[in-house]
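# got a sequence here, can you build the structure:
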Amino acid sequence: MSSTSFSKPKIAILAACLYTAVMGIGMFYMKNFKGITYGEPEMMNIFWFVMILVNAINVFFVNRFFSWQEVGFRKLKTKQLLWFVPLFAVLIAMWVLFWKGFASVPFNAAQWRLFAVAGFTTFLVGVGEEVMYRGIVLHAFLTTQRVWWAMLVSAIGFSLLHSVNVFGGVALTNSPVQLIATFLFGCVFAALMLKLNNIWPLIIFHWLWDFVLFASGILSNGVGETVSVSSVIIIPIEIIVSILLWLQIKKEHNLIQEQGSISTMQKVRD
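Numbering: from 1, shown residues only. Sure, this is the predicted structure:
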């Protein structure tokens, strides 16, 4: 298949569908063959392999149809990190709660191993999902010159990815809540990708977020529930930051288009 056979948006859709399919198969296997439900810390003992597979999908598509610089591995606009401050404030609060519970509980070798596997797996989750949805999908649809559409497709794709969690045992009644939460997450992260110009801050945040949620569940002193409840605070923050960023990005995009039109008209006159 030639790299020019399909448009980049079509290639991105294919990549996202393959990514989602592998995740769904992994969830089904985990639940029906291993008896592990999504959200249980023990899922990390199974899911690290699935994450290696989906990251391999990313590597193939980036190397074949895009470039690592094109999907977000480029110079960071450090001043734009200020947009991340409200989100990191919530993340820090969650980690403080986690460390308080962590310090009060003795661990055996099996639990330490589970912490290590959770750290490795959630890192792969952060890399995989960010490269796919804020890297491949977002930047592929930016080629259409419709910036809001690109961000929206990226957020919808990221949300739909989490619909496969039903194969891992998530109740259908709980699925809409998770889809809405991940859609909001996708909205703010798509905008942050464009503002930051670099995908690494998104990967790191995603990794630390997922790890603290799963790792706190390993503790047996109720910390997992406390950390999970505290994470809800981020939802109104995501909504506010998303609205501000989307409006600013749209304004900047329109300005660039206007300047391009003026430049084109001047060349025609000359």
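# now V71: closest residue in space that isn't a chain neighbour?
Once flanking residues are discounted, V71 sits nearest to G135: 3.3 Å by C-beta to C-beta, 6 or more residues apart in numbering. Where you see a C-beta, it was placed from the backbone N, CA and C, and this is true even at glycine.
# wait, the one you found touches R74, no?
No - at 11.0 Å, G135 and R74 do not qualify as touching, with contact defined as C-beta atoms under 8 Å.
# who has more neighbours, the two?
G135 (29 against 15; other C-beta atoms under 10 Å).
# tell me the contacts of the more buried one?
58, 62, 66, 71-72, 193, 199 (C-beta atoms under 8 Å, 6 or more residues apart in numbering).
# state the pLDDT value of the residue nearest to V71.
Listed pLDDT for G135 reads 98.
# picking up where we left off before, so which of the contacts of G135 sit within helices?
58, 62, 193 (DSSP state H).
# how near is the last one to A116?
This points to M193. Separation of M193 from A116 (C-beta to C-beta, to the nearest Å): 29 Å.
# one step back: between the ones in helices among the contacts of G135, which has the most around it?
Result: M193 is most packed of these (other C-beta under 10 Å), 24 neighbours.
# chain center to stretch 61-81, what's the gap?
Distance of stretch 61-81 from its chain centroid, counting by C-alpha atoms, centre = their mean, to the nearest Å, is 15 Å.
# may I see the buried residues of that stretch?
Using 16 or more other C-beta atoms under 10 Å as the test for burial, stretch 61-81 gives 61-62, 65-66, 70-72, 80.
# for the host helix or strand of V117, output the C-alpha coordinates as PDB.
Using DSSP states H and E, V117 sits within helix 109-129. C-alpha atoms of helix 109-129 as PDB (Å, rounded to 0.1, in the frame of the first residue of the first chain):
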ATOM      1  CA  ALA A 109       6.700  -8.700  47.500                       C
ATOM      2  CA  ALA A 110       3.700  -9.300  45.400                       C
ATOM      3  CA  GLN A 111       2.300  -5.900  46.000                       C
ATOM      4  CA  TRP A 112       5.600  -4.200  45.200                       C
ATOM      5  CA  ARG A 113       5.700  -6.100  42.000                       C
ATOM      6  CA  LEU A 114       2.200  -5.000  41.200                       C
ATOM      7  CA  PHE A 115       3.200  -1.400  41.800                       C
ATOM      8  CA  ALA A 116       6.100  -1.800  39.300                       C
ATOM      9  CA  VAL A 117       3.900  -3.400  36.700                       C
ATOM     10  CA  ALA A 118       1.300  -0.700  37.100                       C
ATOM     11  CA  GLY A 119       4.000   2.000  36.600                       C
ATOM     12  CA  PHE A 120       5.200   0.300  33.400                       C
ATOM     13  CA  THR A 121       1.800  -0.400  32.000                       C
ATOM     14  CA  THR A 122       0.300   3.100  32.700                       C
ATOM     15  CA  PHE A 123       3.400   4.700  31.100                       C
ATOM     16  CA  LEU A 124       2.600   2.600  28.000                       C
ATOM     17  CA  VAL A 125      -1.000   3.800  28.200                       C
ATOM     18  CA  GLY A 126       0.100   7.400  28.300                       C
ATOM     19  CA  VAL A 127       2.500   7.000  25.400                       C
ATOM     20  CA  GLY A 128       0.000   4.900  23.300                       C
ATOM     21  CA  GLU A 129      -3.100   7.000  23.700                       C
END
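# how far off centre is the next helix or strand along the chain from it?
For helix 109-129, the following helix or strand on the C-terminal side (DSSP H and E) is helix 138-142. Relative to the mean C-alpha coordinate of its chain, helix 138-142 is positioned 15 Å out (C-alpha atoms, centre = their mean).
# what does stretch 223-241 give?
16 Å.
# list the buried ones in that stretch?
Buried, per 16+ other C-beta under 10 Å, within stretch 223-241: 223-224, 226-228, 230-231, 234, 238, 241.
# break down the stretch 101-250 of the chain into its helices, ranges please.
For the stretch 101-250 of the chain, the helices defined by DSSP state H, counting those that start in this stretch occupy 109-129, 138-142, 147-161, 175-196, 200-218, 223-230, 234-269.
# pretty sure L124 contacts W48?
Yes - in this structure, L124 is within contact of W48 by C-beta under 8 Å, at 6.7 Å.
# quick one: which of those two has more around it?
L124 (21 against 17).
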